[in-house]
Structure formats: C-alpha cells, structure tokens
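In: Show me the folded form of this:
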Amino acid sequence: MKFRSAVKIALPVLLIAISGSAFAQSSASVTTTGSATIIQPITLTQGTGLAFGTIVRPGAGTGTVTIDATTGTRTVANGVVALASTTSRGVYTVNGEGGQTFSIAVPANFNLTGPSTIPVTLTPTGSTGTLSNALGTAGTASFGVGGNFSIANTTATGVYSGTYAVTVAYN
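Out: Prediction:
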C-alpha cells in the first residue's frame with residue numbers, strides 16, 4: 001500500500017514538473033540594436049580636359065598621338081609631328097567622406113568629330129581610389145585620364161572635339 005500512495009503522490013508532482021518546464025521554453029526574447037553610418041555625398045569636378053594640342057599628320061602612312069594619363073606628357077610616333085601648343089591629360093578631383101573607397105568609370109573610347117571622325121582610346125590612371133583622411137572628416141582624391149589615337153596621312157585637317165562621361169561612386 002505504501003507503494004501505491006507513493007505513486008499517487010509522485011505522479012502528480014512529476015506531471016507538474018514536466019508541464020512547467022515545457023511551458024517555460026515556449027518563448028524567448030533578446031534586446032537588439034540597430035546602427036547606421038551617415039556619410040557625405042561624393043562629388044566630382046574636372047580640373048582640365050583632355051587636350052592633344054596641335055599636331056601635323058604624317059606625310060605617309062599612319063602615326064599616333066598619346067597623352068599619358070599620369071604625367072600628361074604628349075608623345076607622337078610614325079611621322080606625326082607635335083607643334084608647340086597646350087596639351088593636358090584630363091584631371092579630376094573627387095570629394096566626399098574621408099577614408100571611403102570609390103570606383104572610377106571612364107568609357108573605353110569616344111570620338112573626336114570635326115571634318116571627319118577620329119576614335120580615341122581612353123586610359124584612366126586607375127579604376128578605383130580612396131579618399132584621404134578618416135571617417136567623420138572630409139576627404140579628397142584625384143585621378144587622371146589620358147588617351148591616344150591614330151592619324152593617317154589622309155585624315156582631314158581641321159578642329160576636332162568630343163565629349164565623354166566620367167563617373168565616380170562609393171564602393
């Protein structure tokens with residue numbers, strides 16, 4: 001009989017213990033945080049445009065003219081003659097949040113148009129950059145764009161010009 005009384009007392013206690021532990025695990029919560037980093041907008045300004053200057057086409061065949069993207073130095077080859085004139089690489093300044101990286105997008109080529117069309121191949125100094133200083137302060141960076149084109153002895157003489165788009169964006 002003692003055994004039956006012990007079971008009668010133990011069974012309800014056991015059922016209460018099991019149901020209590022199952023109920024305690026039916027929900028849980030945690031406190032979380034949110035965050036944001038606000039940075040300055042990125043801007044791009046042009047210092048100088050890409051200028052090949054005044055050149056003389058070759059007497060025969062095809063030559064080239066090149067503006068170096070880093071130094072702005074003009075070189076000519078294969079019969080092209082460079083006259084004293086203003087030349088420059090394209091120079092650009094990027095401003096924005098210090099320490100941030102950005103991408104540089106320059107088209108592979110564009111056309112100079114005038115009496116005819118001259119395709120120009122563009123060469124930027126890089127495809128990415130990093131703004132000076134640290135997060136929380138203004139930063140700046142600069143880059144250049146050079147290019148080259150071929151000129152034949154049959155290229156029409158005259159003034160040529162064209163445009164191309166340069167874009168920077170935070171990474």
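In: hey, let's count contacts and neighbours off CA atoms from now on
Out: Noted.
In: counting contacts, what elements does the longest strand along the chain pack onto?
Out: In the chain, taking DSSP state E as the definition, the longest strand is strand 138-152. Counting contacts by 3 or more CA pairs under 8 Å, 6 or more residues apart in numbering; DSSP states H and E, strand 138-152 is packed against strand 62-67, strand 90-97, strand 117-124.
In: and the angle from that strand to strand 117-124?
Out: 140 degrees (axes from the mean of the first three to the mean of the last three CA atoms, to 10 degrees).
In: going on from strand 138-152, what's the next piece of helix or strand?
Out: strand 167-170 (DSSP states H and E).
In: Show the average pLDDT along that next one.
Out: Strand 167-170 shows a mean pLDDT of 98.
In: which residues are contacting it?
Out: 42-44, 94, 100-106 (CA atoms under 8 Å, 6 or more residues apart in numbering).
In: Would you convert the helices and strands packed on strand 138-152 into TSV that also reports mean pLDDT?
Out: Listed next are those as TSV, based on pLDDT from 0 to 100:
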stretch	mean pLDDT
strand 62-67	98
strand 90-97	98
strand 117-124	98
